[in-house]
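Peer 1: following is a predicted model, sequence given first.
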Amino acid sequence: MCAHQQALVRRVGLACRRLGRPFVLEILPYPLPGEPDPPLGALERAVAAFAQPEFGVDLYKLPYPGGRFQAYRSLPAPWVLLSGRLGFADFMRALEASLEGGAVGFLAGRAFWLEAVRRYPDMAAMERELERAQERFLLARGLLGVTGL
């Protein structure tokens, strides 16, 4: 892991503590120029690099690790699932597995609203998809045992 990335995360953690704000860290490995995808094991290495209390992370926002939750179990704070590029059906499967793997919830966007954005400029279709997005959100929230609005 790059020292400058760790230094930045440390500074943000300190600033959040000083200002009394929660620190949510999203870890997303990315390919370097010329690489088609992040190298195998990049996610696990990135999570391990930021799994120290010294960073001051209050909540980790992480991608679905394909059922390999070992690296996530060493985190000093809770973690939630992000939707990343998952469609809704895949996101729901990943959310179920993640909750069983130790996630405390989700912070997701595209899995819910992407279809609405794709309907632009048809505002009526967008509105229908946004209603569907709300239904999807409630379904996902239901996996957490939360009901109602």
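Peer 2: Great, that's in hand.
Peer 1: now stretch 32-52: mean pLDDT?
Peer 2: Model confidence over stretch 32-52, given as mean pLDDT, is 86.
Peer 1: what are the buried residues along the helix ranked longest in the chain?
Peer 2: Identified as the longest helix of the chain according to DSSP state H is helix 123-143. Buried residues in helix 123-143, counting neighbours by 16 or more other C-beta atoms under 10 Å, are found at 126, 129, 133, 136-137, 140. C-betas here are computed from N, CA, C, even on glycine.
Peer 1: next one: stretch 40-60
Peer 2: 42-43, 46-48, 50-51, 55-57, 59-60.
Peer 1: ok, now stretch 24-36?
Peer 2: 25, 27.
Peer 1: show the end-to-end separation of that stretch, please.
Peer 2: End-to-end span of stretch 24-36 (C-alpha to C-alpha, to the nearest Å): 28 Å.
Peer 1: repeat that for stretch 80-93.
Peer 2: Start-to-end span of stretch 80-93 (C-alpha to C-alpha) is 14 Å.
Peer 1: same question for that stretch, mean pLDDT?
Peer 2: In the prediction, stretch 80-93 has an average pLDDT of 93.
Peer 1: measure how far that stretch is from the centre of its chain, please.
Peer 2: 9 Å (C-alpha atoms, centre = their mean, to the nearest Å).
Peer 1: what lies in contact with that stretch?
Peer 2: 26, 28, 59-64, 94-95, 98, 103-112, 114-115, 136, 139-140, 143 (C-beta atoms under 8 Å, 6 or more residues apart in numbering).
Peer 1: so which of the residues you listed are in helices?
Peer 2: 94-95, 98, 110-112, 114-115, 136, 139-140, 143.
Peer 1: now tabulate those residues in JSON lines and tack on distance to P38.
Peer 2: What follows is those, written out as JSON lines (distance: C-beta to C-beta, whole Å):
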{"residue": "A94", "distance to P38": "17"}
{"residue": "L95", "distance to P38": "22"}
{"residue": "S98", "distance to P38": "19"}
{"residue": "R110", "distance to P38": "19"}
{"residue": "A111", "distance to P38": "20"}
{"residue": "F112", "distance to P38": "25"}
{"residue": "L114", "distance to P38": "22"}
{"residue": "E115", "distance to P38": "27"}
{"residue": "R136", "distance to P38": "28"}
{"residue": "L139", "distance to P38": "30"}
{"residue": "A140", "distance to P38": "26"}
{"residue": "L143", "distance to P38": "27"}
